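> dropping a prediction and its sequence here:
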Amino acid sequence: MSSFDINPEDVKGFWSDRDPSPSIIPAASFQTGLMEQVLDPDLNAGEKCPILPTFSLRPGELTVWAGNNGAGKSALMSQIALSMMMNGDSVCLLSFEMDPKETIMQMIRMAYGRSLLRTEADKVSKFFDWCEKRFWIYRNRGDIHPNHCFDAVAYAAGEKKCRHVFVDNLMMLTGGGSSDQLFQSQRKVVDTLKRISVEFSAHIHLVAHLRKLNSNQTANELPDRYSISGSADISNLADNVVIVFRNYKKEKEAQDMKTKNAGWDQDADTVLFLDKQRKNGRLAKQKLWYERGSSQFCLSPERQLMELMPRSISGIDTTRSHQAEALYEKAPGWL
């Protein structure tokens, strides 16, 4: 086991063996924390989300990221995780669909802004040297019992001090059964992850799916939190809900075009819709453009890359435009 692994055997009972009964405590026990908040209003302001700059990722909150299969949710989680590590935070990824090696290789490509050559194997070591003690992966793959997930998330936040924990995805935690059983299971998962986020002052990111959408929908016809597949409690219990919309209509048009131009590319590849934010009620939309060579999502059609690892290591050029390569590609999209 590498130093970046969280072993399922090590986390058993970390959360699930706790006494679930509620506790009644003196209100005055919150006095010190509230005084600190008054003295420093930015104390719990959180960190700006790199791909949704008007949204802050605050400690003690749960954000649901919902989109269809292939919308890029997992890649977005990897990009956010790298950005949080750039801020000095520790992160943990629990991905129940992707092989950990695939996830990490994608993150290495994002960090360097390109795929590595065969002669650059040493850059893999440099990546791990940089993120040592800040990057954790849960080794389980496939369906997982919810209690095992809760233990792992709590262990990552409590023992490893991870400020951001990514759970990908909800469907792998809530198996078959009747609709009532499914909805009850989903409610338990979201409610428990929310409680863990508060207990350890971590931000938990939970990936969920949307009901099947019309492939001809445009960025002006975005789905919303009511389009999430399953129980309404998924969005009701979450602090924040972000919809990830992949612009399939743009991709279809590109396949029919002999020549693409910058005007056509003003339409985003992906749109993020912040459809719920409990803290302040502010909603937001953010257009994103995908840069295939780096697997990064960018904030403009010029596709200038983000610095997701110090430039002294990555050598990345964050000023260069990659739009020309995107317009030249015959197969748009990222899958």
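Looks like it arrived, so ask away.
> does Ala45 sit in a helix, a strand or a coil?
Under DSSP: H, G, I helix; E, B strand; the rest coil, the three-state class of Ala45 is coil.
> contacts only, for the spatially closest residue to it that is not a sequence neighbour.
Spatial nearest neighbour of Ala45, excluding adjacent residues (CB to CB, 6 or more residues apart in numbering): Ser56 at 6.0 Å. All C-beta spots, glycine's among them, are computed from the backbone N, C-alpha and C. Residues near Ser56 by CB atoms under 8 Å, 6 or more residues apart in numbering: Ala45, Gly46, Glu47, Lys48, Cys49.
> now the buried members of those.
Buried subset of these (neighbour count, 16 or more other CB atoms under 10 Å): Gly46, Glu47, Cys49.
> which residues does the first one contact?
By CB under 8 Å, 6+ apart, Gly46 lies in contact with Ser56, Leu57, Arg58, Pro59, Glu61, His203.
> still on that earlier bit, of the buried ones among the contacts of Ser56, just say which sits nearest to Thr32.
Of all those, Thr32 sits closest to Gly46, with 20.3 Å by CB to CB.
> pull up the pairing partners for the helix or strand hosting the residue nearest to Ala45, direction included.
Per DSSP states H and E, Ser56 falls inside strand 52-57. Using DSSP bridges, strand 52-57 pairs in its sheet with strand 47-49 (antiparallel).
> now do the phi/psi pair for the residue nearest the centre of the chain.
Nearest residue to the geometric centre of the chain (CA atoms, centre = their mean): Met77, 2.7 Å. Dihedral angles of Met77 (phi, psi; degrees, to the nearest 10) stand at phi -60, psi -40.
> which residues sit against the helix or strand just after the strand holding Ser56?
Next helix or strand after strand 52-57 toward the C-terminus (DSSP H and E): strand 62-67. Residues from elsewhere that reach strand 62-67 (CB under 8 Å, 6+ apart): 57, 73, 76-77, 190, 193-194, 197, 203-210, 225, 227-228, 234-235, 237-246.
> what do you get for stretch 225-239?
For stretch 225-239, contacts defined as CB under 8 Å, 6+ apart pick out 58, 61-64, 66, 170-171, 174, 182-184, 186-187, 190-191, 194, 206, 208-211, 213, 241, 243, 275-279.
> these in helices, which ones?
Those of the contacts of stretch 225-239 mapping onto helices are Leu182, Phe183, Gln184, Gln186, Arg187, Val190, Asp191, Lys194, per DSSP state H.
> before we move on, the earlier item: which of the contacts of stretch 225-239 are buried?
Applying 16+ other CB under 10 Å to the contacts of stretch 225-239, the neighbour count classes 58, 61-64, 66, 170-171, 174, 182-183, 186-187, 190, 194, 206, 208-210, 213, 241, 243, 275-277 as buried.
> rewinding a little: beta partners of the residue nearest to Ala45?
Beta-bridge partners, per DSSP bridges, of Ser56: Lys48.
> so how far is Arg282 from it?
Distance, Ser56 to Arg282, using CB to CB, to the nearest Å: 10 Å.
> what do you get for Gly230?
26 Å.
> now Asp122
45 Å.
> what do you get for Pro223?
From Pro223 over to Arg282 the distance is 19 Å, taken as CB to CB.
> more neighbours, these two?
Neighbours were counted for Pro223 and for Arg282 using other CB atoms under 10 Å; Pro223 has more, 20 against 9.
> can you redo the ones in helices among the contacts of stretch 225-239 as JSON lines with distance to Met98 and pLDDT?
As requested, these are exported to JSON lines (distance: CB to CB, whole Å; pLDDT from 0 to 100):
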{"residue": "Leu182", "distance to Met98": "23", "pLDDT": "88"}
{"residue": "Phe183", "distance to Met98": "27", "pLDDT": "91"}
{"residue": "Gln184", "distance to Met98": "28", "pLDDT": "92"}
{"residue": "Gln186", "distance to Met98": "22", "pLDDT": "93"}
{"residue": "Arg187", "distance to Met98": "26", "pLDDT": "94"}
{"residue": "Val190", "distance to Met98": "22", "pLDDT": "96"}
{"residue": "Asp191", "distance to Met98": "26", "pLDDT": "96"}
{"residue": "Lys194", "distance to Met98": "24", "pLDDT": "97"}
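> just the closest of those to Met35, please.
When those are compared for distance to Met35 (CB to CB), Lys194 wins out at 25.4 Å.
> so which residues of this protein form helices?
Using DSSP H, helices in the chain cover 8-11, 31-39, 73-86, 100-112, 122-131, 146-158, 179-200, 233-237, 248-256, 311-314, 323-328.
> for Ser295, which of those helices is the nearest?
Closest among the helices of the chain, once you apply CB to CB, is helix 100-112, at 5.1 Å.
> which elements pack onto the closest one?
Counting by 3 or more CB pairs under 8 Å, 6 or more residues apart in numbering; DSSP states H and E, the packing neighbours recorded for helix 100-112 are helix 73-86, helix 122-131, strand 135-138.
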